[in-house]
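In: Build me a model:
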Amino acid sequence: MKQDLKAVQEVVELVTGGWRAQAVYAAAKFRLPDHIEVGLSRDGELAEAAGVEERGINRLMRLLVAMGVFEWSPETGYRNTPVSTALLDRPGTMRDMCLLYGEEFYTAWGQAAECFRTSTAGFELAYGEPLYRHLDSHPDLADRFQRTMKAGNLFFDHVPEIFDFSGKTVVDCGGGNGHLLSVILEAAPDARGKLIDRDHVVPIAREYLAGTVGLDRVELFGGDMFTSVPEGGDVYIFCRVLAGWSDEDAVAAFEHCRRAMTSPSSRLLVMDRMVVDNGSTVLPALWDLHLLMTTGGGHRSVDRFRSLLDRAGLDIERIAGLPMETTALIAAPRA
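Out: Down below sits the predicted model:
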C-alpha cells in the first residue's frame, strides 16, 4: 500500500514530541539561557559553564536552534529568543514548569498506557503514592509545584474584570501562594481576603502576601477545604483546584461555602478549564489527560459543574470567559 507521505510526516512530528520537550528541559536544567544572557555564546563556553561535554552541547543546541528556542550565527554565536528568555532562572518565568514537567511529570507520563487502562494516576504508578501526598513529604518539590502553578496563572490579572470585588471579603479556597488573592486585593483596595490551603502551603502564602498587599488585609488558615472553610465571606473562590478531586469532594466543598455565606448577595466563583466532548480544542483536552496522569482527576464540563453546584444549593447566574481558555462560573445561593 502506498503511504501518504504527509500523514507519515505528521506521525513523526507527533511521536517525537517528547524528545523535543526533553531537549527544552535539558536547556533549562543546564541554565543555557542564563549563560547566553551573560555573554557566553559558543559551544565550549556553554559546556564549561554547564558542566557538560562540548559535543553534547553542540548536538543539543543544533536541535534547539532548529526549533527556534535559540538563534545562531557564525559571527555572534548563540543568542536568546523570546522563547529561551522565558526559561531564564528568574521569578515569574517558565523555568520551574519546564523542570517539573521534564522530571516528575515526564516520569508520570511514562506510565500512560497503564494509566489509561486502569484509570490510576500515572504519578501514583511511577512514585507509589498520590501527587499531593508526595508533595507533603517533599518540600522542595512542593515549592517548585507552587511556583509552576504561579507561572501558569496568566489569566489572574483579568479576574477583577469579570467580577466586582469592591468592599467584599474574599475567601480563596486552595489559594496556594496567594497570587490570585493579591491580584484581587490590589484591584479592590477596600476588599479583604482569607486564604485556606494545606498547612505546608500557608507559610509560602504568608511570605508572598506580606510582600504584595500586606498581612493586615488577609487572614490565613491551614486546613482542608473539603472539611471546612472560613466563615464570613462575601465571595468564595475555587480557582483550578477541583480537577484533581472527586465530584463528592467538590460538592462537600461547595456545601461548606453555602453554609458559610453571610447573605443572599454572597457568591461562589469557580475558575477552570471546561471540557466539551464535541469540537474540543487541543489545550483543554490535553490538560484533562495531564490531570489523569498526575492526580487521577480531570476537567469537568459546564453542565457537570452546574449539577454539582445544584446539589450544594447554588445556581449559576453568569458565565464569563478568561484568557488561556479558562471559564469562570459565578454562582448564587438558592433562596
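In: Which positions in stretch 183-190 come out as buried?
Out: Of the residues in stretch 183-190, 183, 184, 185, 187, 188 count as buried by neighbour count, 16 or more other CB atoms under 10 Å. (C-beta placed from N, C-alpha, C; glycine too.)
In: Restricting to C-alpha, output it in PDB.
Out: Output of stretch 183-190 as PDB, limited to C-alpha atoms (Å, rounded to 0.1, in the frame of the first residue of the first chain):
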ATOM      1  CA  VAL A 183      -4.300  40.500  42.400                       C
ATOM      2  CA  ILE A 184      -7.900  40.800  43.600                       C
ATOM      3  CA  LEU A 185      -7.000  42.800  46.700                       C
ATOM      4  CA  GLU A 186      -4.700  45.100  44.700                       C
ATOM      5  CA  ALA A 187      -7.600  45.800  42.200                       C
ATOM      6  CA  ALA A 188     -10.100  46.400  45.100                       C
ATOM      7  CA  PRO A 189      -8.300  48.300  47.900                       C
ATOM      8  CA  ASP A 190     -11.300  48.200  50.200                       C
END
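In: hmm, who's touching it?
Out: 156-157, 159-160, 164-168, 170, 191-193, 212-213, 217-218 (CB atoms under 8 Å, 6 or more residues apart in numbering).
In: and these, which of them are in strands?
Out: Among those, the subset assigned to strands under DSSP state E consists of 170, 192, 193, 218.
In: I figured the third one hits residue 221, correct?
Out: No - when contacts are counted by CB atoms under 8 Å, residue 193 is not listed as touching residue 221 (11.2 Å).
In: Of these two, give the one with the bigger neighbour count.
Out: Higher neighbour count among residue 193 and residue 221: residue 193, with 28 against 18, using other CB atoms under 10 Å.
In: ok, so what distance separates the more buried one from residue 107?
Out: 36 Å (CB to CB, to the nearest Å).
In: what do you get for residue 133?
Out: In this view, residue 133 and residue 107 are 16 Å apart by CB to CB.
In: ranges for the strands of the stretch 151-300 of the chain?
Out: All strands of the stretch 151-300 of the chain, identified by DSSP state E, counting those that start in this stretch, fall at 169-173, 192-197, 218-222, 235-239, 267-272.
In: The third one - contacts with which helices or strands?
Out: On a contact count with 3 or more CB pairs under 8 Å, 6 or more residues apart in numbering; DSSP states H and E, strand 218-222 meets strand 192-197, helix 202-210.
In: hey, which of these is tucked in deepest?
Out: Highest mean neighbour count of these: strand 192-197, a mean of 24 (counted as mean count of other CB atoms under 10 Å).
In: Partner strands of it, with direction?
Out: Sheet pairing of strand 192-197 (DSSP bridges) gives strand 169-173 (parallel), strand 218-222 (parallel).
In: one step back: in ChimeraX, select just the buried ones from the contacts of stretch 183-190.
Out: The ChimeraX selection below is limited to those of the contacts of stretch 183-190 classed as buried (16+ other CB under 10 Å):
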select :156,159,160,165,168,170,191,192,193,212,213,217,218
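In: Now do the SS call for residue 48.
Out: helix (DSSP: H, G, I helix; E, B strand; the rest coil).
In: Can you tell me, leaving aside adjacent residues, what's nearest to the most centrally placed residue in the chain?
Out: What sits nearest the mean C-alpha location of the chain, by CA atoms, centre = their mean, is residue 149, with 3.7 Å. The shortest distance from residue 149 to any non-neighbouring residue, by CB to CB, 6 or more residues apart in numbering, is to residue 176 (5.7 Å).
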